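Enquirer: please find the sequence and the predicted model below.
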Amino acid sequence: NYEYPILADPYWTYSHTAIARTGNGAYIPGNETVARASRELSRCFNCSFPISGAPRNFPLGGNRFTLNASPLTFINIPAPVEMVRSSGATNFALRATPGHFDGAGSTISFSFYKPSGWPVRIAIAATVIKDRGAAANAANAQVAKIKWTQFATQLVLNTRSYS
């Protein structure tokens, strides 16, 4: 009783809590709220989202766009994605579409929350279809975690600038 297609490559996951930080790595304290973060992402999604190719307007469910997932501006690593779940701008998920380096069907979700006395944090959970081995997967997750911390930081700074 096999169910097709049979996938030979196992998926892998990572999670991260992105917290706004200063240039020297210290946490940025503040009173930014999830509602203010949502307004900022709705005002200008790509002003805070740290991956090249993100649309200016917050994408709606079903919207597709191609990100450039390279950490280097002179290299293009196509990452076509689709918005698959959105409960407003502070709870959304993207799914990789064919041609994505992580493999079509990979997902990443972003959920925003706010601890008392701190600015908004972003809980990120990713499931990656293509397993490239422990070392490559760890490098991929590390680059992603750096980008998501940049996301939290830029979002907090933009929220302060445009509130």
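Expert: That came through, no problem.
Enquirer: you'd agree residue 56 is up against residue 45?
Expert: Yes - using C-beta atoms under 8 Å, residue 56 is in contact with residue 45, at 6.3 Å. All C-beta atoms are positioned from the backbone trio N, CA, C, and that covers glycine.
Enquirer: the two - which one has more neighbours?
Expert: Remark: of residue 56 and residue 45, residue 45 carries more neighbours, 17 against 11, as counted by other C-beta atoms under 10 Å.
Enquirer: OK, contacts around that one?
Expert: Contact analysis of residue 45 by C-beta atoms under 8 Å, 6 or more residues apart in numbering lists 54, 55, 56, 57, 58, 59, 89.
Enquirer: again with residue 61
Expert: Residue 61 is in contact with 83, 84, 85, 86, counting by C-beta under 8 Å, 6+ apart.
Enquirer: out of those residues, which are buried?
Expert: The neighbour-count test (16 or more other C-beta atoms under 10 Å) marks 83, 86 as buried among the contacts of residue 61.
Enquirer: restricted to strands, list the contacts of residue 61.
Expert: The strands, defined by DSSP state E, take in 83, 84, 85, 86 from those.
Enquirer: so the first one touches residue 62, yeah?
Expert: Yes - here residue 83 reaches residue 62: they are 6.6 Å apart, a contact under C-beta under 8 Å.
Enquirer: re the thing from before, between the contacts of residue 45, which is closest to residue 130?
Expert: Distance to residue 130 across these (C-beta to C-beta) is lowest for residue 54, with 21.9 Å.
Enquirer: mind telling me what element the closest residue to the closest one other than its chain neighbours is part of?
Expert: Counting by C-beta to C-beta, 6 or more residues apart in numbering, residue 46 is the residue found nearest to residue 54 once chain neighbours are left out, at 4.1 Å. Take DSSP states H and E as the rule and residue 46 turns out to sit in helix 45-48.
Enquirer: now residue 15
Expert: For residue 15, the host element (DSSP H and E) is strand 12-19.
Enquirer: report the buried residues of that strand.
Expert: Quick answer for strand 12-19 (16+ other C-beta under 10 Å): 12, 14, 16, 18, 19.
Enquirer: state the distance from the residue lying closest to the last one once chain neighbours are set aside to residue 149.
Expert: If I follow you right, that is residue 19. Distances taken as C-beta to C-beta, 6+ apart put residue 121 closest to residue 19, at 5.2 Å, once the chain neighbours are dropped. Distance check for residue 121 against residue 149: by C-beta to C-beta, to the nearest Å, it reads 10 Å.
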